[in-house]
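A.B. asks: Build me a model from this:
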Amino acid sequence: MTCRYRCGDACAHPAPNTSDNPYLGDVIARAVSRRSLLRAGAVVSVAGAATATGAVAGPAAAAAGRKGHGSGNRHGREPHGLRFEPVAPNRHDAVTVADGYEPDVVIRWGDPILRGAPAFDADRQTAARQAGQFGYNCDYLALLDLPREHRSRVLVANHEYTDEVLMFAGYDEENPTREQVEIAWAAHGLSVVVVEEGGGRLTPTRHRLNRRITATTPIALCGPAAGSAALRTSADPAGTTALGTLNNCGGGTTPWGTVLTAEENFNQYFANADTVTDPVAKARLARYGLSGLASQRKWERFDDRFDVSKEPNEVNRHGWIVELDPFDPDSTPRKRTALGRFKHEAAEPRLARDGRVVVYMGDDERFDYFYKYVSKNRFKRGDSRAARRHNRSLLDEGTLYVARFTGDSPAAEIDGSGTLPSDGQFDGRGEWVPLASANRSFVDEMSADEVYVYTRLAADKVGATKLDRPEDVQPHPRNGTVYLALTNNNDRGAAGKAGPDEANPRNGNRHGQIVEVTETRDDAAARTFRWRLFLVCGDPADPSTYFAGFPKDQVSPISCPDNVAFDPHGNLWIATDGNALGTHDGLFGVAVDGPYRGSVKQFLTVPIGAETCGPIVEERFALVAVQHPGEVDGATVEDPASTWPDGPGRIVRPSVVSVRKIGGGRIGM
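C.D. replies: Alright, predicted model coming up:
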């Protein structure tokens, strides 16, 4: 069900990237060391029986929950922020947290956030009601301070997609009603809601800043491709105003206090790609995953913009990074064309040494690429009107790059098994290949407009390195090292597909890995970098796994890293999506330096069918979005697979959850 509703069964179709560019797995398979495997110590199995609602038994589960998690060994006391007993892998229909902590639901799908919006009633839902309520399937979360309101914070959540079969009783996939479709449009987009903080709890309030962005909200197309022929439609002949934002996944927060949100699997909403006969247009659609006739949700029956045969350019107006000012409820969100168009998973900014803004981005598809954008102008500090106006133009003019990785090890040592190469690490060098800057293209036979609108095709042409679903990316807040989550790729090494490389060292990669990227001279604007694999995820008993050299009998099993974030102590937190180990997804903390580097610890798990998204870890609480709970094949409103969060007899509702220490205190202390 997740595959159908979130990404239109993307993995059931051939990967859109048919170029012969190198594969990162082939690069990585030339880099992890056998000596590191020996240093990793004893291997523990995750084998064991499990029940539908209980913890998973077996040695690895026991190790993951063992008292001390390595205390008393040569590593000494664990780092600040990670001093908790890890949660054992389980299949509970609940948010299960570490001992000594408790979860609170902050806000649910349908909770009213605008003044005058009614309380949620699943049986009486309308599009107008939904437009004033918290949206569906929350993903990325941002939490910003609200000046002059001491206890208040601004929470921004995006809403990736809708599960109509879990939203509407008696839903008929072949014959949705107009009301159901319009409710779904209103449930997409973003929610801005002010919350009051106290004792580690966050309480939503009705506030003048509260806002909903939906699939029908006017959004400005900005930057070098705005107004180009590929963005013009019959409803918008100027090509400068799009309607709505779809399938928002990860995001980021800018130094000037705006929120970036990433449009990902937009292709699934558009119908009749197979009616296109022009070979160039057809190839462009195919590279973005558009195929077939009727769409899954049948939106084209109610709005021609979702019918490629009637509005061929509407699809080009989606797949961008959207910038929202959460402090101005009257502002128009902006789609930033200078950052390229693809299936954006995230957009994480940092400042270069000279003050220019750099934004890192992953394209979440099997065999797709890792990008960055470097602004032309420098960030201005301060809150003056002139500084704000200047900073809000920084994402309109700059240079767009794509990454090319090279491994350090001989090709023969990267055999697809995940065995470390003789130098002890999967690592190597890389370069940032320019694609376009303002109105200048660096790609042969493509104009700058074409590079921005058809960025995947431009990256194909310059030989970018194919990765295993590059998703969220996060620069370390102190040293700038960039952590990129590669979720998985079952097609790696399959017949006719790219084989392993040093950055993607395993064939049939079910569990994913995390790459560390260090820019030359630690300058985000550099044109070259070094890289190494930090984690190669999976069952610690699997010889192909790697936890930065930390002993494997002292780590929690982890599979399919997706979203990543840092806490105030510099620890990396990893949210998973699609755990291929047979237990529920969760949130994990791990030290990235010091003697505990690589010591993965599970902090929480989410309910049946759910994914962990949007982690924020602060001193007093951790915050996660629990997306698509109950999303199990065959589940319906009438026959749910989960009863979370409100219990039996109540409709399942995606929600934002905070976790705090019982009795107060700091997380992981």
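A.B. asks: isn't Phe529 right next to Glu516, touching?
C.D. replies: No. With contact defined as C-beta atoms under 8 Å, Phe529 and Glu516 do not form a contacting pair (9.9 Å). Backbone N, C-alpha and C define where each C-beta goes, glycine included.
A.B. asks: ok now stretch 582-594, how far from the chain's centre?
C.D. replies: The chain centroid and the centroid of stretch 582-594 are separated by 16 Å under C-alpha atoms, centre = their mean, to the nearest Å.
A.B. asks: Kindly report the same for stretch 620-628.
C.D. replies: Mean-position distance between stretch 620-628 and its chain equals 14 Å (C-alpha atoms, centre = their mean).
A.B. asks: next one: stretch 507-527
C.D. replies: Offset of stretch 507-527 from its chain centre (C-alpha atoms, centre = their mean): 16 Å.
A.B. asks: measure that stretch end to end?
C.D. replies: Start-to-end span of stretch 507-527 (C-alpha to C-alpha, to the nearest Å) is 30 Å.
A.B. asks: again with stretch 504-523
C.D. replies: First-to-last distance for stretch 504-523 - C-alpha to C-alpha - comes to 25 Å.
A.B. asks: which parts of that stretch are buried?
C.D. replies: Neighbour-count burial for stretch 504-523, counted by 16 or more other C-beta atoms under 10 Å, picks out 504-507, 509-519.
A.B. asks: just stretch 221-236 next, same as before
C.D. replies: 221-228, 230-233, 236.
A.B. asks: Kindly report the same for stretch 443-457.
C.D. replies: Across stretch 443-457, burial judged by 16+ other C-beta under 10 Å covers 443, 446, 448-457.
A.B. asks: List the residues that contact Ala494.
C.D. replies: Residues near Ala494 by C-beta atoms under 8 Å, 6 or more residues apart in numbering: 507-508.
A.B. asks: quick one on the thing from earlier: what is the nearest of the buried residues of stretch 504-523 to Gly244?
C.D. replies: Closest to Gly244 out of the buried residues of stretch 504-523 is Gly512 (30.9 Å), distances taken as C-beta to C-beta.
A.B. asks: For the closest one, give me phi and psi.
C.D. replies: phi 80, psi 180 (degrees, to the nearest 10).
A.B. asks: can you pull the contacts of Lys377?
C.D. replies: Careful, residue 377 is Asn; it's not Lys. Going by C-beta under 8 Å, 6+ apart, Asn377 touches 356, 390, 393-394, 397.
A.B. asks: what helix or strand does Ala142 sit in?
C.D. replies: Ala142 belongs to strand 138-145 when assigned by DSSP states H and E.
A.B. asks: Show the average pLDDT along that strand.
C.D. replies: The average pLDDT within strand 138-145 is 98.
A.B. asks: Please apply the same query to stretch 545-554.
C.D. replies: pLDDT averaged over stretch 545-554 gives 96.
A.B. asks: how far does it stretch from start to finish?
C.D. replies: Start-to-end, stretch 545-554 (C-alpha to C-alpha) is 13 Å.
A.B. asks: Figure out how far it is from the centre of its chain.
C.D. replies: Worked out by C-alpha atoms, centre = their mean, stretch 545-554 lies 25 Å from the chain centre.
A.B. asks: If we go by neighbour counts, what in it is buried?
C.D. replies: Quick answer for stretch 545-554 (16+ other C-beta under 10 Å): 545-554.
A.B. asks: How about stretch 630-645?
C.D. replies: Neighbour-count burial for stretch 630-645, counted by 16+ other C-beta under 10 Å, picks out 630-631, 635, 637, 640-645.
A.B. asks: Output that stretch as CSV, nothing but the C-alphas.
C.D. replies: Extracted in CSV, the C-alpha atoms of stretch 630-645 (Å, rounded to 0.1, in the frame of the first residue of the first chain):
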residue,chain,number,x,y,z
GLY,A,630,-1.8,1.2,9.5
GLU,A,631,-0.6,1.3,5.9
VAL,A,632,-0.8,-2.5,5.3
ASP,A,633,-2.1,-4.2,2.2
GLY,A,634,-5.8,-4.9,2.5
ALA,A,635,-6.3,-2.4,5.4
THR,A,636,-9.4,-0.1,5.1
VAL,A,637,-11.3,2.2,7.4
GLU,A,638,-13.6,-0.6,8.2
ASP,A,639,-10.9,-3.2,8.7
PRO,A,640,-7.8,-1.3,10.0
ALA,A,641,-4.4,-2.8,10.6
SER,A,642,-3.6,-0.4,13.4
THR,A,643,-5.6,1.3,16.1
TRP,A,644,-3.0,4.0,16.8
PRO,A,645,-3.1,6.7,18.1
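A.B. asks: Pull the residues that contact it.
C.D. replies: Around stretch 630-645, the neighbours that count as contacts under C-beta under 8 Å, 6+ apart are 1-2, 5, 93-95, 105, 108, 122, 163, 165-171, 607-610, 626, 629, 649-653, 655.
A.B. asks: Run through who's touching the helix or strand hosting Ala625.
C.D. replies: Per DSSP H and E: Ala625 is located in strand 622-627. Residues outside strand 622-627 that contact it (C-beta under 8 Å, 6+ apart) are 95, 106, 137-141, 143, 157, 160, 202, 573, 575, 587, 603-604, 606-607, 610-617, 644-645, 654-659, 667.
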